[in-house]
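# A structural model of the following input is requested.
(4 chains)
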Number of protein chains: 2
Amino acid sequence: MAAPARPTQPRRSDATRAAILRAARERFAADGYERATIRAIAADARIDPSMVMRYYGSKEGLFAAAAEFDLRLPDLTVVPSERLGETLVRHFLARWEGDETLVALLRAASTNPGAAERMRGIFTDQLASAVATSGTGETVTARRAGLVASQILGLAFTRYIVRLPPMVDVEPEELVSWIGPTLQRYLTGRPGN
Amino acid sequence: MAAPARPTQPRRSDATRAAILRAARERFAADGYERATIRAIAADARIDPSMVMRYYGSKEGLFAAAAEFDLRLPDLTVVPSERLGETLVRHFLARWEGDETLVALLRAASTNPGAAERMRGIFTDQLASAVATSGTGETVTARRAGLVASQILGLAFTRYIVRLPPMVDVEPEELVSWIGPTLQRYLTGRPGN
DNA sequence: ACCGTAGGCCAACACTTGTTGACACGCAAT
DNA sequence: ATTGCGTGTCAACAAGTGTTGGCCTACGGT
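Alright, predicted model coming up:
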């Protein structure tokens, strides 16, 4: 406790840890939880499989570390209320394309209960709280957030997982102009109209 | 070629084949492709694992048989054009809840390339052709169908796979009144409004 | 210069997986 | 009654999995 390196002084193995995490995210995103093997991840990171176990304890632990994720939703209270939908679609598109963690989580959530739990957490806590505007009751807010999640995740599922051709080929801005109004209605509209 | 039993005379093992298929659909729907083991499926069907191989050739073959699926879309040309969205949501909800084949296919499509291919086929061929109304060009129709697929699959994903609480608890008719207009706009509207 | 320890590799384990072949039973036609 | 074949079981294989422990190496503080 001599050096003032306060926040857990850097270990010599940090580079290896990062390499493992990066390879893990790639494999989980490409193959899903069960098909992504520790051996393959270790080979990508050019280390021995046993290192993965030493640093992350188990495959579950590795996934938990690799799927750590923050939606980084912007402060929606400063967005003009009629542009909420458009803003959200743009933000999510950028977030999906820029970071494969979300794809990994989405793929894994189909078959891995832990991943599904984490997905629920992200879209319940982060999205629902960001969407919670003034006035409306708790169940109504949750429902609005759920509807938004259904369209956002459907977009991601068809575009990045199943790779439905029309959803892959379409320009991002075209998606914004179609899906933005949908989210807008889910957030600020009433059912039926 | 003596007996006139034209449509492949019934085999004595048809009951077993059906039991295997039923157990397979359940397991694939509950666990996904890789976690659903042939041994578990055989145990559910109360037969030996080797029977599965004999009747379906391989695990891939079994899945192909178990995931055979028809959306059974109604004839949309007889539906008043302003009620297309509502009709579709109601139909899909009934279809998802009544037959676990679609859930099995959806779960498997996340990690199994063959299942993803089949999902693409279903939503490209069946949905796109049912949606193909007069006039509009091919790419536009495909895009509309893709958008509809994204919302429908997002609904299914959040409600049946991830089980997002607000999407699980909500009443079906409530979903129709929210999501119906979305599909309506995707089918007959223009982007932006 | 020394030595403890963290970083890394190797080999092996226990287990599960899809898949296969040999063997037994029983129905149906001869 | 006998023969053949469809139906089913049992045991085993080869491959791949997550996981573990032992061993070597080399850096960094003393």
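
# A:Leu175 contacts A:Val89, doesn't it?
Yes - with contacts counted by C-beta atoms under 8 Å, A:Leu175 reaches A:Val89, the gap being 6.5 Å. (C-beta placed from N, C-alpha, C; glycine too.)

# which of the two has more neighbours?
A:Val89 (26 against 22; other C-beta atoms under 10 Å in any protein chain shown).

# Chain neighbours aside, what residue packs nearest to A:Glu100?
A:Ala29 (4.3 Å; C-beta to C-beta, 6 or more residues apart in numbering or on different chains).

# A:Phe92 too?
A:Ile152 (5.3 Å).

# Same check on A:Leu76?
In space, A:Leu76 is closest to A:Ala130, 5.5 Å off (C-beta to C-beta, 6+ apart).

# And for the helix-or-strand element of chain A with minimal mean pLDDT, what's in contact with it?
One helix or strand of chain A scores below all others by mean pLDDT, DSSP states H and E: helix A:128-131, with a mean of 87. Residues from elsewhere that reach helix A:128-131 (C-beta atoms under 8 Å, 6 or more residues apart in numbering or on different chains): A:Leu71, A:Leu73, A:Leu76, A:Thr141, A:Ala142, A:Arg144, A:Ala145, A:Val148, A:Leu187.

# quick one, helices of chain A?
For chain A, the helices defined by DSSP state H cover A:14-31, A:38-44, A:49-56, A:59-66, A:84-98, A:101-109, A:113-121, A:128-131, A:138-156, A:165-169, A:172-188.

# for the second one, which positions count as buried?
Yep, that's helix A:38-44 we're talking about. A:Ile38, A:Ala40, A:Ile41, A:Ala42 (16 or more other C-beta atoms under 10 Å in any protein chain shown).

# what about the residue nearest to A:Leu76, neighbour count?
17.

# Next, format the buried residues of helix A:38-44 as a markdown table and append pLDDT and distance to A:Leu21.
Formatted as a markdown table, the buried residues of helix A:38-44 follow (pLDDT from 0 to 100; distance: C-beta to C-beta, whole Å):
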| residue | pLDDT | distance to A:Leu21 |
| --- | --- | --- |
| A:Ile38 | 98 | 13 |
| A:Ala40 | 98 | 14 |
| A:Ile41 | 98 | 9 |
| A:Ala42 | 98 | 12 |
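
# From those residues, pick the one nearest A:Leu105.
Nearest to A:Leu105, judged by C-beta to C-beta, of the buried residues of helix A:38-44 is A:Ile41 at 15.9 Å.

# ok, the closest one touching A:Arg27?
Yes - contact criterion C-beta under 8 Å: A:Ile41 and A:Arg27 qualify, at 5.1 Å.

# who touches A:Ile38 in this structure?
A:Pro49, A:Val52, A:Met53, A:Lys59, A:Leu62.

# same question, A:Ala108
Per C-beta under 8 Å, 6+ apart, neighbours of A:Ala108: A:Phe28, A:Gly32, A:Tyr33, A:Phe63, A:Ala67, A:Ala115.

# change it to 6 Å
A:Phe28, A:Gly32, A:Tyr33, A:Ala115 (C-beta atoms under 6 Å, 6 or more residues apart in numbering or on different chains).

# Between the residues you listed, which sits nearest B:Val162?
Closest to B:Val162, out of all of the contacts of A:Ala108 and judged by C-beta to C-beta, is A:Ala115, at 9.1 Å.

# before we move on, the earlier item: the residue nearest to A:Glu100: what's it in contact with?
A:Glu100, A:Val103, A:Ala104.

# can you check A:Arg159 too?
Contacts of A:Arg159 by C-beta under 6 Å, 6+ apart are A:Met167, A:Val168.

# Excluding covalently adjacent residues, which one is nearest to the residue in chain A positioned nearest to chain B?
Here chain A gets closest to chain B at one residue, A:Gly154, 2.0 Å apart by C-beta to the nearest C-beta. Leaving aside its sequence neighbours, A:Gly154 sits nearest to B:Gly154 (C-beta to C-beta, 6+ apart; 2.0 Å).

# avg pLDDT for stretch A:103-115?
The pLDDT scores in stretch A:103-115 average 97.
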